[in-house]
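A.B. asks: Provided below are the primary sequence and the corresponding predicted coordinates.
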Amino acid sequence: MALTTTFFSLFLLIITVAGQTTPMAEAPAPAADDCNGIFLQYVFNSGSKIKPTLKTRQPYKFQSILSITNNGLEELKLWRVFVGFQHDEILVSASNALLADGESFPALVGNGTVFAGFPAADLKTAVETAGDTTQTSVQIKIVGTQFGVGSPNVPMPSNISLENDGFICPKPSMQGKSVMQVCCIKDENFKTNLTLGEKFSPRQDGDLTIMYDILRTYDSNYWAQVTIANHNPLGRLDNWKLSWDWMKDEFIWEMKGAYPSVVDTSECVFGPQAKFYQNLDFSTGLNCQRRPTLIDLPLEKTNDTKLGMIPFCCRNGTILPPAMDPSKSVSAFQMNVFKMPPDLNRSSFTPPQNWKIEGRLNPDYKCGPPVRVSPTQVPDPSGLLPATSVFASWQVVCNITQPKGASPRCCVSFSAFYNESIIPCPTCACGCPSNTARTCSTKAPALLLPSQALLVPFDNRTKMSLAWAEINHLPVSNPLPCGDNCGVSINWHLFTDYRGGWSARITIFNWEDAAFADWFTAVELDKAAAGFDAVYSFNGTMLDGVNNTIFMQGLPGLNYIVAEADGANPAKDPRVPGKQQSVISFTKKNIPNINVAAGDGFPTKLYFNGEECSLPKLLPTSSSSRISSFTVTTSILAAVVVFMLVRQ
């Protein structure tokens, strides 16, 4: 009987081990006792094979614990820890923390990620808490999926480090195969703008900042104002969409200056909110989604007594750079938020987390977690009384980023007076087509074009491009290259080049179904910008604070690029893009060594509405390195024409 019991126990043990890629990690060495700074530890606990069963990139579930302990003499404010995941991990959950870039779970973190504390964002010291570990340390229980690392190997990160300013973290050490730890110490040479004992964190700079201010507060609900401010000279948002996660079952009852993209309170009716607020008529509420998406109101709602009357509201989601119009670089709205137990008191607020903002054909923004800052000063509407403080304020900082693998949404073509061919936008400049019914090459270079093809949609250019290739004896790939798939394309044409100066022509094509109001474009010319003279059909200036960049926007009456429209005869004519065009003149004074035709006259970067556009990898070439006398004469005549246009 004893032998049978022993055998059965051994059998169960074999089954348990077979179901895991790695057994539970042994207890880590007590290295935290030797650390007088911030002690970080990553422990891989367990892993198991999950479906589907694959020959390559087999998925595995993993469970780990990240620990942060403050063993120093100063409180650690707003802790942030980097974990260098390296096995294409997908995080499913993480307790006591959020992702600092604002991503919601599940999240792709194969290139590493930064954790930020929630709800405990600060770690006190053992001195001020008498060694209370619940206030000096935090454990993040991580659950996720990783690929390709099965037993007996352990999917450890490449690195762990403290991201807070003013700390030095050496290379982490390993304790066995499943424990990584490091002690980060204060950098004595680092100068901080924080004062020890300050109640609030200082406000930070960023490309875009969002303020979450509590204006009025009651036991069960409060009114908050959200203010979005653009600080980047090339940043912009059109038709912005703002989203976040409620953390404690809050819901939106009323709004002014903006509106949810979906009006739906069904989640409240079938959730805990209806059980608590039994006397509320949820049919009059606005939104009960855990992650709502909010949009701006149109201009005509500005003075609406029910939905508008909020300063900086109702601009149809357009936020311009400060240089264009400071009054239009801010957007704001107010909302009435209902809370749930146990937060039913006037001083209990939990700001939403995981903020994300995006626009139409605009840069990508990554937003950090909300940080408690000093209360915002609100001016008195009458202007007679001094400004008053709101009850509480949080700041969210968003910065422009280029996600890995993301494609631009605009592209540039190059042309010049000395070459009849247009170098078009690169193949798949704005992403490859999702429709595989039509076969095309995503890697073949785009075919050179005649100038008239720029006015024709890509799908209608095939005959033109093939005929042009035959006339000029140019190679043609089989299958033909895919299109650029861009909503906006811009042609930069080297117009003239003469002894004292040169000129270029810029043409913007809108292939979108929607128009662009208050558009702008910015051109970076590394070597030629110093010779900038004038733009004739647009308003153009050198941009302060951005090196070698010319900022252009439409003049009154020309600040609108219409959408793509049907041709004169839709049955046979291709669609026609919206278009704006201008000539730009330059002088060679003080830059005598500039070689315009060799590449100095072409942009090194070009932006449309804040989005950096894809540039061709080739430049137009002339048939010989020396321009003929006929070409020089033609250039001079063209320059005279430009001068006469300016005089007119």
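C.D. replies: Arrived safely, thanks for sending. Residues are numbered from 1 along each chain as shown.

A.B. asks: Enumerate every residue touching R409.
C.D. replies: In this structure, R409 makes contact with 361, 430, 486-488, 611, judged by CB atoms under 8 Å, 6 or more residues apart in numbering. For every residue, glycine as well, the C-beta is placed using N, CA and C.

A.B. asks: tell me which of those residues is nearest to N36?
C.D. replies: Compare each of the contacts of R409 with N36 using CB to CB and the shortest gap goes to E611, at 47.8 Å.

A.B. asks: How much space separates the closest one from D238?
C.D. replies: When distances are taken as CB to CB, to the nearest Å, E611 and D238 turn out to be 10 Å apart.

A.B. asks: Mind checking which of the two has more residues around it?
C.D. replies: Applying other CB atoms under 10 Å to E611 and D238 shows that E611 carries more neighbours, namely 24 against 21.

A.B. asks: Quick check: phi and psi on that one?
C.D. replies: In terms of degrees, to the nearest 10, the main-chain angles of E611 are phi -90, psi 130.

A.B. asks: quick revisit: shared neighbours, E611 and D238?
C.D. replies: Residues touching both E611 and D238 (CB under 8 Å, 6+ apart): 361-362.

A.B. asks: Where does confidence bottom out across the contacts of R409?
C.D. replies: Of all those, L361 has the smallest pLDDT value, namely 86.

A.B. asks: tell me the secondary structure for it?
C.D. replies: At L361, secondary structure determined by DSSP: H, G, I helix; E, B strand; the rest coil is coil.

A.B. asks: What about it, how many residues nearby?
C.D. replies: Counted with other CB under 10 Å, L361 comes out at 23.

A.B. asks: can you pull the contacts of it?
C.D. replies: If a contact means CB under 8 Å, 6+ apart, then L361 has 238, 409-410, 487-488, 512, 516, 608-609, 611 as its contacts.

A.B. asks: Check the gap between it and F349 for me.
C.D. replies: As defined by CB to CB, L361 lies at a distance of 35 Å from F349.

A.B. asks: Would you mind pulling up the elements that whichever helix or strand I506 is part of packs against?
C.D. replies: The secondary structure element spanning I506 is strand 501-510 (assigned by DSSP states H and E). Other helices and strands packing on strand 501-510, by 3 or more CB pairs under 8 Å, 6 or more residues apart in numbering; DSSP states H and E, are strand 488-498, strand 520-524, strand 578-587, helix 629-647.

A.B. asks: pLDDT below threshold where in the stretch 401-550 of the chain?
C.D. replies: Low-confidence segments of the stretch 401-550 of the chain, defined by pLDDT under 70, span residues 435-438.

A.B. asks: contacting residues for F414?
C.D. replies: Contact criterion CB under 8 Å, 6+ apart gives 422-423, 491-494, 602, 616, 618-620 as the residues in contact with F414.

A.B. asks: In the strand holding I506, which residues are buried?
C.D. replies: Of the residues in strand 501-510, 501-510 count as buried by neighbour count, 16 or more other CB atoms under 10 Å.

A.B. asks: Pick the one among those closest to Q402.
C.D. replies: Nearest to Q402 among the buried residues of strand 501-510: I508, at 22.1 Å, using CB to CB.

A.B. asks: who's in contact with the closest one?
C.D. replies: Contact partners of I508, counting by CB under 8 Å, 6+ apart, are 488, 490, 519, 521, 561, 579-581, 608.

A.B. asks: what about 10 Å?
C.D. replies: With contacts taken as CB atoms under 10 Å, 6 or more residues apart in numbering, I508 has the following neighbours: 410, 488-491, 516, 519, 521, 538, 552, 554, 561, 577-582, 608.

A.B. asks: Show me just the buried residues among those residues.
C.D. replies: Neighbour counting with 16+ other CB under 10 Å marks 410, 488-491, 516, 519, 521, 538, 552, 554, 561, 577-578, 580, 582, 608 as buried within those.

A.B. asks: Nearest to I594, out of the buried residues of strand 501-510: which one, please.
C.D. replies: For I594, the nearest member of the buried residues of strand 501-510 is W502. The distance, counting by CB to CB, is 8.3 Å.

A.B. asks: how about the closest residue to that closest one other than its chain neighbours, what does it touch?
C.D. replies: Once its chain neighbours are removed from consideration, W502 has its nearest residue in V596; the separation is 4.8 Å (CB to CB, 6 or more residues apart in numbering). Contacts were defined as CB under 10 Å, 6+ apart; by that measure V596 touches 416, 494, 496-498, 501-504, 527-528, 531, 586, 588, 602.

A.B. asks: could you measure V596 against R499, distance?
C.D. replies: When distance is defined by CB to CB, V596 is 11 Å away from R499.

A.B. asks: Mutual contacts of those two, please.
C.D. replies: Common neighbours of V596 and R499 are listed as K588 (criterion: CB under 10 Å, 6+ apart).

A.B. asks: what about G431, how many neighbours?
C.D. replies: The local packing count at G431 equals 16, with neighbours defined by other CB under 10 Å.

A.B. asks: before we move on, back to that, buried ones among the contacts of V596?
C.D. replies: Buried positions within the contacts of V596, assessed by neighbour count (16+ other CB under 10 Å), are 416, 494, 496-498, 501-504, 527-528, 531, 586, 588, 602.

A.B. asks: Show me where the stretch 151-300 of the chain dips below the pLDDT cut-off.
C.D. replies: For the stretch 151-300 of the chain, applying pLDDT under 70 flags the ranges 192-198.

A.B. asks: Apart from its neighbours in sequence, what residue is nearest G431?
C.D. replies: When the adjacent residues along the chain are set aside, G431 lies closest to S407, with 4.0 Å between them (CB to CB, 6+ apart).

A.B. asks: which residue ranges form the strands in the stretch 401-550 of the chain?
C.D. replies: In order along the chain, the stretch 401-550 of the chain carries the following strands (DSSP state E, counting those that start in this stretch): 410-416, 419-423, 488-498, 501-510, 516-517, 520-524, 532-535, 538-542, 549-554.

A.B. asks: dump the residue contacts of the residue nearest to G112 when sequence neighbours are not counted.
C.D. replies: Once its chain neighbours are removed from consideration, G112 has its nearest residue in G84; the separation is 4.3 Å (CB to CB, 6+ apart). G84 makes contacts with 42, 109, 111-113, 156-161, 172, 180, as judged by CB under 10 Å, 6+ apart.

A.B. asks: same thing but at 8 Å, please
C.D. replies: Contact analysis of G84 by CB under 8 Å, 6+ apart lists 112, 157-160.

A.B. asks: Can you read off the pLDDT for it?
C.D. replies: pLDDT, G84: 97.

A.B. asks: Could you break this protein into its assigned domains?
C.D. replies: As assigned by the TED database, the chain contains the domains 38-186, 208-401, 410-430+442-624.

A.B. asks: now the helices for this structure?
C.D. replies: 2-18, 126-129, 133-136, 266-269, 272-276, 462-471, 629-647 (DSSP state H).

A.B. asks: Now the second one: average pLDDT?
C.D. replies: I take that to be helix 126-129. This predicted structure assigns helix 126-129 an average pLDDT of 94.

A.B. asks: Equivalent analysis for the first one, please.
C.D. replies: Per-residue pLDDT values across helix 2-18 average out to 43.

A.B. asks: again, but for the last one
C.D. replies: Helix 629-647 shows a mean pLDDT of 39 in the predicted model.

A.B. asks: Specify which member of the contacts of F414 is nearest to V378.
C.D. replies: Sorting the contacts of F414 by how near they are to V378, with CB to CB, puts W492 at the top with 46.5 Å.
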